[in-house]
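Asks: I'd like to go over a predicted model; first the sequence, then the structure.
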Amino acid sequence: MEKKRFYITTPIYYPSAKLHIGHAYCTTLTDIFARYKRLRGFECYFLTGADEHGQKIEKNAAAAGKTPQQFVDEIVEGFYKLWELLHISNDDFIRTTQDRHIKVVQDIFSMMLKKDDIYLGKYKGWYCTPCESFWTDTQVGEDHVCPDCGRPVQIAEEEAYFFKTNKYVDSLLKFYDENPKFLTPESRKNEMVNTFIKPGLDDLCVSRTSFSWGIPIRENEKHVIYVWLDALTNYITALGYDSDDPSKFEKFWADPECEIIHILGADITRFHAIYWPMFLESLGIRKPDREFVHGLLMMKDSKMSKSKGNVVDPFPLVERYGVDALRYYLAREITFGQDGSFTPEQFVERINADLANSFGNLLNRTVSMINKYFEGVVPSYQGRVTEFDGDLESVIEFAIKNYENNLDDLKITEAITNAMDIVYRANKYIDETMPWALAKDESKQKELASVMNHLATAIYTAAMLLKPVLVTASDKAFDQLGIEESLREYSHIYKLDTLGGQKVNKGEPLFPRLDASIEVEYIQSLMNGNK
Ligand code: ME8
């Protein structure tokens, strides 16, 4: 049975530096999915946040001459601003420095210690400070570089607590087998099993003594909890697990009727797909239904990252091109689940081709024609009058079905192409039916009315399907088509006789065409740090 409630999360990002377009990508796509589910009548809880502890943040704060708390407070302000700018509809924002999180992480550590899932030992190994990850000899290879980010690693030795991973390996593999949708795309699961689990997992280091910016372990205060046990548990501490008010935890996690989905980037799959299910099993709590791993945005073959500094800042892009353009570009251009790269040329081309020339232009032409030929009132549905009406109707019907199937399965990019198929078909329908010629022929008025009604329906449907992506433009399209408030609910989609009698309002073009050479140069200058 389909679950009617769901909980969706993004990773909690490190406030070690300003966020870049890669973080905007993950949060925007998660937001698109949350908005879609809400449109479809689901009760949704959407969480994002900040992962504020660790050596990297301690170092960066010291370098900036600030306390770690001051440092993260300032950077997290920027997170809030970015999510507001991008119209992110999260229900909560967790910070790992909040009391609601700290106390529970300490309890969780104590529970695991009591259960003998955690023990005190000694750690000697390779450590990558920017990634906050320990690695084995084999993993760092002869060059002694981090397998994730490619930077040099250092030897670290210290007394540390360890989580007994081997106690939970068999059950994890069984869980993978029984839940084929748990970790997707499928290639990610193969990578986990073949690269990490089969060669043998080391116990996981869960505490550090060489820095102090972390949650202290109650039983042994010279240790702080190692970032991943602190970080991953945010997904349940935010819901009030083990607190005075566990009602959200009961509703959005413990209840099997709630679907739980984590969205994350390929760089942190190992922690989410291997250790997180183990931690949950240790605590006797159910595992999430799905972990969807999205690809990474690259800059000239290397991962865009805060610590490398090769990043694109989303703020000036939204300021110049609008929130819808950036959201659309991210969701449409980079197939969700695959790596992609940001290039100014593709950015401008995508906005011009899809939003200005296809969607915006279709709306503009249709509203002008309804004004000109029908005094601004959408004619009522006449049935299939021209020889092209039937085909347009089936394209619309088929697109809705595909869109829903794709989005339900997190295939966001594919779902957008389904919505755009309606737009492309409708533009072609104008060329086929030639309304300007029909208008000149007294005997063709019924055909002309049918064409205008079909065009209005096509735009209405496409704007509805794109609503989770185009958070302002879909409503502006509805305004121009004169769609009354009650018809802006998804449940009205594809009733052919919905729009007759609506009064259109001509407005500004939704997406003015960009001058490619000027805009490419502008974006390049942002990337070179000249602005
Ligand atoms: O790893 N392309 O935080 P983080 C696409 N705090 N997405 C990218 C990206 C890129 N170039 N760079 C980052 C952490 N991301 C931990 C997470 S969760 C319990 C703890 C996105 O600030 C992507 O989603 O390094 C990636 O997984 C995440 O940001 C890592 O953010």
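Replies: Now that the structure is in, tell me what you want to look at.

Asks: contacting residues around Cys131?
Replies: By CB atoms under 8 Å, 6 or more residues apart in numbering, the contact set of Cys131 is Cys146, Asp148, Cys149, Asp267. Quick note: C-beta positions are derived from backbone N, CA and C, even for glycine.

Asks: Torsion angles phi and psi at it?
Replies: Main-chain dihedrals, Cys131, degrees, to the nearest 10: phi -90, psi -10.

Asks: Equivalent analysis for Ile260, please.
Replies: phi -110, psi 120.

Asks: how about the nearest residue to it, chain neighbours excluded?
Replies: Among residues not flanking Ile260 along the chain, Pro288 sits closest, at 4.0 Å (CB to CB, 6 or more residues apart in numbering).

Asks: related to what we said a few turns ago, ok, of the contacts of Cys131, which one's closest to the ligand?
Replies: Asp267 (5.0 Å; CB to the nearest ligand atom).

Asks: what's near enough to touch the residue nearest to that closest one when sequence neighbours are not counted?
Replies: Excluding its sequence neighbours, the residue lying closest to Asp267 (CB to CB, 6+ apart) is Asp148, at 5.8 Å. Neighbour list for Asp148: Cys128, Cys131, Ser133, Asp267 [criterion: CB under 8 Å, 6+ apart].

Asks: again, but for Trp228
Replies: Contacts of Trp228 by CB under 8 Å, 6+ apart are Glu132, Leu204, Val206, Phe271, Tyr275.

Asks: Give me the subset of those residues that lies in strands.
Replies: Leu204 (DSSP state E).

Asks: Kindly give a single PyMOL line that selects the buried subset of the contacts of Trp228.
Replies: The buried subset of these, as determined by 16 or more other CB atoms under 10 Å, is captured in PyMOL by this line:
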select buried, resi 132+204+206+271+275
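
Asks: In a markdown table: the contacts of Trp228, plus pLDDT and distance to the ligand.
Replies: Below are the contacts of Trp228 laid out as a markdown table (pLDDT from 0 to 100; distance: CB to the nearest ligand atom, whole Å):
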| residue | pLDDT | distance to the ligand |
| --- | --- | --- |
| Glu132 | 72 | 8 |
| Leu204 | 94 | 14 |
| Val206 | 95 | 14 |
| Phe271 | 97 | 7 |
| Tyr275 | 98 | 10 |
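
Asks: chain center to the lowest-mean-pLDDT helix or strand in the chain: distance?
Replies: Lowest on mean pLDDT, DSSP states H and E among the helices and strands of the chain sits strand 302-303, with a mean of 76. Between the centre of strand 302-303 and the centre of its host chain there is 19 Å, according to CA atoms, centre = their mean, to the nearest Å.

Asks: per-residue confidence at the residue nearest to Asp267?
Replies: pLDDT recorded at Asp148 is 82.

Asks: leaving aside the residues next to it on the chain, what's closest to Arg425?
Replies: Nearest one to Arg425, counting by CB to CB, 6+ apart, is Val395 at 4.4 Å.

Asks: Name the helix or strand for the one you found, please.
Replies: According to DSSP states H and E, Val395 maps onto helix 389-408.

Asks: Give the buried residues for that helix.
Replies: In helix 389-408, counting by 16+ other CB under 10 Å, buried: Asp389, Leu392, Glu393, Val395, Ile396, Ala399, Ile400, Asn402, Tyr403, Glu404, Asn406, Leu407.

Asks: Show me the contact partners of that helix.
Replies: 33, 36, 40, 383-384, 412, 414-415, 418-419, 421-422, 425-426, 429, 450, 454, 457-458, 461, 465, 493-494, 496.

Asks: so how many other residues sit close to Asn194?
Replies: By other CB atoms under 10 Å, 10 other residues sit near Asn194.

Asks: ok but it is inside a strand, no?
Replies: No. Using DSSP: H, G, I helix; E, B strand; the rest coil, the assignment for Asn194 is helix, not a strand.

Asks: where does Glu43 sit relative to the ligand, distance-wise?
Replies: 24 Å (CB to the nearest ligand atom, to the nearest Å).

Asks: What of Gln139?
Replies: Counting by CB to the nearest ligand atom - Gln139 and the ligand are separated by 17 Å.

Asks: Could you do Phe93 as well?
Replies: Counting by CB to the nearest ligand atom - Phe93 and the ligand are separated by 14 Å.

Asks: Go over the secondary structure and confirm that residue is in a strand.
Replies: Yes. Counting by three-state DSSP, Phe93 is part of a strand.

Asks: got the contact list for it?
Replies: Leu47, Thr48, Gly49, Ala50, Phe79, Tyr80, Trp83 are the contacts of Phe93 under CB under 8 Å, 6+ apart.

Asks: tell me the pLDDT at the last one?
Replies: The predicted local confidence for Trp83 comes out at a pLDDT of 98.

Asks: and it, how many neighbours?
Replies: Trp83: 21 neighbours (other CB under 10 Å).

Asks: just the second one next, same as before
Replies: A count of nearby residues for Thr48, using other CB under 10 Å, gives 26.
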